[in-house]
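Participant: My questions are about this predicted structure, shown below with the sequence.
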Amino acid sequence: MTQLDPYGSNLPSMLTPGGRALARDLSTVRRATSVGLAKGDGLAAFTEQAMGNLTALDRQRRILARGDETLNNLLMEVEVGFVLCLVSEQRSMYRRY
């Protein structure tokens with residue numbers, strides 16, 4: 001946010017309508033930037049955890065199947081369902097904002 005500082009360093013007097021409007025606009029931009037960065041951090045944390053869970057789930061499926069292709073295919077369908085739900089959740093995380 002330091003890139004915004006030059007725009008706010010030579011503010012017109014806060015007593016003028018232009019000065020108040022500029023200060024308000026800069027505050028809005030800073031707030032939007034902070035929210036955007038927080039959303040990105042949250043999405044990265046969610047994705048990192050999801051990938052770890054998916055790796056463990058895939059490993060568990062292989063252990064449970066023990067080379068049985070029929071069982072492996074059945075378990076894989078459950079795993080794919082999990083992946084589809086996970087992707088859907090990830091895509092919808094910030095639509096409400």
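Facilitator: Yep, it's here.
Participant: how close does Asp58 get to Leu37?
Facilitator: Separation of Asp58 from Leu37 (Cβ to Cβ, to the nearest Å) stands at 32 Å. Where C-beta positions appear, they are placed from N, C-alpha and C, glycine not excepted.
Participant: quick one: which of the two has more around it?
Facilitator: Using other Cβ atoms under 10 Å as the criterion, Asp58 and Leu37 rank with Asp58 on top: 15 against 11.
Participant: C-terminal to the strand or helix carrying the more buried one, what's the next element?
Facilitator: Asp58 is part of helix 17-65 when elements are defined by DSSP states H and E. For helix 17-65, the following helix or strand on the C-terminal side (DSSP H and E) is helix 69-92.
Participant: Other residues contacting that next one?
Facilitator: Leu43, Phe46, Thr47, Ala50, Leu54, Leu57, Asp58, Arg61, Arg62, Leu64, Ala65 (Cβ atoms under 8 Å, 6 or more residues apart in numbering).
Participant: now do 7 Å
Facilitator: Phe46, Thr47, Ala50, Leu54, Leu57, Asp58, Arg61, Leu64, Ala65 (Cβ atoms under 7 Å, 6 or more residues apart in numbering).
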